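Engineer: sequence below, structure please.
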Amino acid sequence: MSQLSAVKQSPVVLVVEDEPLILLATADDLRDAGFTVFEAANADQAIALLETHHEIRILFTDVDMPGSMDGLKLSAAVRDRWPPITILVTSGKTLVGRPDLPEGGRFMPKPYNTTRVVDAIYEMID
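Structural biologist: Have a look, this model is predicted:
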């Protein structure tokens, strides 16, 4: 099986979330849905993973995070450096409008249903 077909069969997602229980639950749910998942607790960890794991195709990030940048700044940085990556942004505190998102990005408010997240990701990558 080629690497390309492996990626097509198991989309690779990077979940960025500073709340450990939400990160763990979301990553587990996405794995159960058939995704390969990397986890990061902040934007700096996310950038490091993106620099070393070129198979990542989807970024699912929270907006409100401590560290050098929030999820919106991370999304903009990812769009600039890795344009093919699909971006899905979430928040339970901030309502994000289309002008705040990088081109092609989507917003999903918390609390979210994993089925809706999975459906959104498949819609975005098809």
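
Engineer: so residue 65: helix, strand or coil?
Structural biologist: coil (DSSP: H, G, I helix; E, B strand; the rest coil).

Engineer: excluding chain neighbours, what is closest to it?
Structural biologist: residue 18 (4.4 Å; CB to CB, 6 or more residues apart in numbering). C-beta here means a position set from N, CA and C on the backbone, and glycine is covered the same way.

Engineer: same check, this time on residue 34
Structural biologist: That would be residue 10: by CB to CB, 6+ apart, it lies 6.2 Å from residue 34.

Engineer: same check on residue 105?
Structural biologist: With CB to CB, 6+ apart, the residue lying closest to residue 105 is residue 87, at 4.0 Å.

Engineer: quick one: mean pLDDT over stretch 42-57.
Structural biologist: When pLDDT is averaged along stretch 42-57, the result is 97.

Engineer: what residues of that stretch count as buried?
Structural biologist: For stretch 42-57, burial by neighbour count (16 or more other CB atoms under 10 Å) applies to 42, 43, 45, 46, 47, 49, 50, 56, 57.
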